[in-house]
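Novice: Pasting a predicted model and its sequence here:
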Amino acid sequence: MNWLQEIEKLGVQPPESNSLTIRIDRPPASLQSTGESKRAFIHKVREQCACYSFLLAGDVRIEVTWHIHEQERYETDRAPDVDNILKPLLDGLCGPEGILIDDNQVQSICCSWIDWTSRDEALTVEVEFLSEEWVPKGHFRFIQFDRGLCYPIATYFPRELQELFVNAFHRGLVARTDLEKLGASYEDSRSVMPIARVFHRTRIGGFPVVTIEEFRNGSNEP
């Protein structure tokens, strides 16, 4: 069985377009909400993310629309400010059960509210991204290099293909370090690296990680 057949067997479906929409049928949590309320909201967000078999791995743009009755918004003190609902939402969207790896992928975010006739509340989250920048949810791990930089590799790739990706990234990282020692700027030295996005080790809690040494020694687990 080749790795393309393995993807099909695992049920991994790449993004079909450059955007996706998530609807959350409950009031948003805010920074001031209780811990229990935040956990319930995050759980609801991740339930809505469960239908996606991938995680976005590149930069994204997010537009959040909060649907709320005008009277609730204007005539009570229960509705939080729009900027206060973003952090709990991003917490739900990130991580192994979300749709993003980390919230540093968010290049821009817009949040607004709109009135409707229902007394219920809901959020609509639209995410724009590059369709080729994704990893298979539950079927990848990070390889950690120097400086805490971590590079995602699909675990259904044959070992020899994983090694090609890892070695190519490592050669680029070594060349970048050499250029920096010669006084090259970040922009110039970064140009020798693969274009794939990397993540710092501190930003990928909950994901499987092995060091490059462990990878080369044949480790299959972090």
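Specialist: Everything's here; your move.
Novice: Poorly predicted segments of the protein, please.
Specialist: 1-4, 219-222 (pLDDT under 70).
Novice: Tell me which helix or strand comes right after the helix or strand containing residue 187.
Specialist: Residue 187 is part of helix 186-190 when elements are defined by DSSP states H and E. The helix or strand immediately downstream of helix 186-190 is strand 199-200, counting by DSSP H and E.
Novice: Report the buried residues of stretch 44-52.
Specialist: Using 16 or more other Cβ atoms under 10 Å as the test for burial, stretch 44-52 gives 44, 45, 46, 48, 49, 52. (Glycine included, C-beta is placed from N, CA and C.)
Novice: and the gap between the last one and residue 69?
Specialist: For residue 52, the distance to residue 69 under the criterion Cβ to Cβ, to the nearest Å works out to 30 Å.
Novice: swap in the fifth one?
Specialist: Summarising the geometry, the distance separating residue 49 from residue 69, computed by Cβ to Cβ, is 27 Å.
Novice: just the first one next, same as before
Specialist: The spacing between residue 44 and residue 69, counted by Cβ to Cβ, is 20 Å.
Novice: what residue lies at the spatial centre of this structure?
Specialist: residue 100 (1.7 Å; Cα atoms, centre = their mean).
Novice: Is it bridged to anything, and to what?
Specialist: residue 56, residue 94 (DSSP bridges).
Novice: Going forward, count from 526.
Specialist: Sure thing, new numbering starts at 526, so read that last one as residue 625.
Novice: Let me know whether it touches residue 616 as I believe.
Specialist: No - Residue 625 is not in contact with residue 616 according to Cβ atoms under 8 Å; the separation is 10.4 Å.
Novice: contact partners of the helix or strand hosting residue 686?
Specialist: In the assignment (DSSP H and E), residue 686 maps to helix 684-706. Residues outside helix 684-706 that contact it (Cβ atoms under 8 Å, 6 or more residues apart in numbering) are 528, 668, 670-671, 674, 676, 678-680, 682, 711, 713-715, 717-719, 721, 737, 740.
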